[in-house]
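Undergrad: Sequence first, then the predicted structure:
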Amino acid sequence: MAIPTAFTELLRVRHPIVSAPMGGEAGGALAAAVSEGGGLGLIGGGRGDRDWVERELRLVTENTTAPWGIGFLSWAIDRAVLEHALAWQPAAVLLSFGDPTPLAATVRDAGAILIAQVTDVTEAQVALDAGAEVLVAQGSDAGGHCAAAGIGTLSFVPTVVDLAGSVPVLAAGGIADGRAIAAALALGAAGAMLGTRFEATHEALVTGPVSKALVDARGADTEVNWTLDIARGAPWPEKYPARTLRNAFLDRWRGRDDELRADEAALREYRAAAARDDVAAVPVWAGQAVDRVASIASATELVGELAADTEAALRRISLRGN
């Protein structure tokens, strides 16, 4: 059974469920599987590595005829890569972490729906002024990069919904099951975008140790930090640290970011660990709802399960109100 909302009508999908465009992890196979399940699958285009994006675009178009999309980082994307991606006719493009204004017309003129992820009210207003057709309200519960001074999803989503008016809003951050999706709908959102839960799928581009770490983790095991971006040499704006699972490298360098920047031996040690994909050092992106990740799932089946659980939760709410 479909769950109709303003978002599902706009994107012509069955369920108001979106897989987050996790850079380097959400490839074409994951996006296609989510879209085949009736949600909207998004490729994580990140900063726009042309060869990587090309490969994943080919994969998604070979594996689904349902609507799909791609996400890029507003602060880093190369316009040429964006234009190349648009030539593959995605249903939507999500721009996040920065002002979407310079790229908004390019997306809309290509016929794609412009989705903008926002982390505060100022960003939301800028996105609306730029002509965003969907907003993603990302709360501080989220895994991966988020706002340093962010507000929790439960508090942030209604504020963005009220500001957005008729523009559909997706809730993001700490959402990993149907109960949380139903709660987002009750807050006025038109759907939800899930990252950590779709990271733990067979189609996600993650290693076995990362998958195991996600299944074993609890919400209290996550931590917002700049440390791992410093170690990786990732030039993210200071406004956006990342929520990851705690690990031994973080334990060693917590509160010592300036020292880490200057310690060439430590950075070499980190690079060696990263080459081994050692989860005691590398970031495992995870939101505070990682407790709900109990197994590695098929993304297509997961969309159906999430939709069914959302419907069941909405029915319980309705029955309690009668």
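TA: Ah, there it is.
Undergrad: Please make it C-alpha for all contacts and neighbour counts, starting now.
TA: Will do.
Undergrad: Identify the residue spatially nearest to Glu133, adjacent ones excluded.
TA: Closest residue in space to Glu133, ignoring its immediate chain neighbours: Leu114 at 5.4 Å, by Cα to Cα, 6 or more residues apart in numbering.
Undergrad: now do Thr159
TA: Val121 (7.8 Å).
Undergrad: part of a strand, is Gly69?
TA: Yes. Applying DSSP: H, G, I helix; E, B strand; the rest coil, one finds Gly69 inside a strand.
Undergrad: now whichever helix in the chain runs longest, how far from the centre of its chain.
TA: As assigned by DSSP state H, the longest helix anywhere in the chain is helix 299-321. Relative to its chain's centre, helix 299-321 lies at 21 Å (Cα atoms, centre = their mean, to the nearest Å).
Undergrad: who touches it?
TA: 1-3, 15, 17, 30, 33-39, 177-182, 198, 201-203 (Cα atoms under 8 Å, 6 or more residues apart in numbering).
Undergrad: Assess the claim that Arg108 and Thr101 are in contact.
TA: No. Using Cα atoms under 8 Å, Arg108 is not in contact with Thr101, being 11.3 Å away.
Undergrad: mind listing the strands in the stretch 201-322 of the chain by residue range?
TA: 222-225, 242-245 (DSSP state E, counting those that start in this stretch).
Undergrad: For burial, what's the neighbour tally of the closest residue to His202 other than its chain neighbours?
TA: Nearest residue to His202, sequence neighbours excluded (Cα to Cα, 6+ apart): Ser298, at 5.6 Å. Counted with other Cα atoms under 10 Å, residues neighbouring Ser298 total 18.
Undergrad: Next secondary structure element downstream of the helix or strand where Ala80 lies?
TA: Applying DSSP states H and E as the criterion places Ala80 in helix 79-86. Next along the chain after helix 79-86, taking DSSP H and E as the criterion, comes strand 92-96.
Undergrad: Could you tell me the angle between that next one and helix 79-86?
TA: 150 degrees (axes from the mean of the first three to the mean of the last three Cα atoms, to 10 degrees).
Undergrad: Where does Leu114 sit: helix, strand or coil?
TA: strand.
Undergrad: Can you tell me the number of residues neighbouring it?
TA: Neighbours around Leu114, by other Cα under 10 Å: 25.
Undergrad: how near is Phe198 to Val121?
TA: 27 Å (Cα to Cα, to the nearest Å).
Undergrad: Please identify which of the two sits among more neighbours.
TA: In this view Phe198 and Val121 are compared by other Cα under 10 Å, and Phe198 has more residues nearby, 30 against 14.
Undergrad: For that one, list the residues it contacts.
TA: Phe198 neighbours (Cα under 8 Å, 6+ apart): Ser19, Ala20, Ala204, Ala299.
Undergrad: what number of residues lie near the last one?
TA: What that stands for is Ala299. Using other Cα under 10 Å as the criterion, the residues surrounding Ala299 number 28.
Undergrad: And for the third one?
TA: Burial of Ala204, expressed as a neighbour count using other Cα under 10 Å, amounts to 24.
Undergrad: quick one, phi psi at it?
TA: Torsion angles at Ala204 (phi, psi; degrees, to the nearest 10) stand at phi -70, psi 150.
Undergrad: The contacts of Phe198 into TSV, with extra columns for pLDDT and distance to Glu269?
TA: Formatted as TSV, those follow (pLDDT from 0 to 100; distance: Cα to Cα, whole Å):
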residue	pLDDT	distance to Glu269
Ser19	98	33
Ala20	98	31
Ala204	98	27
Ala299	98	35
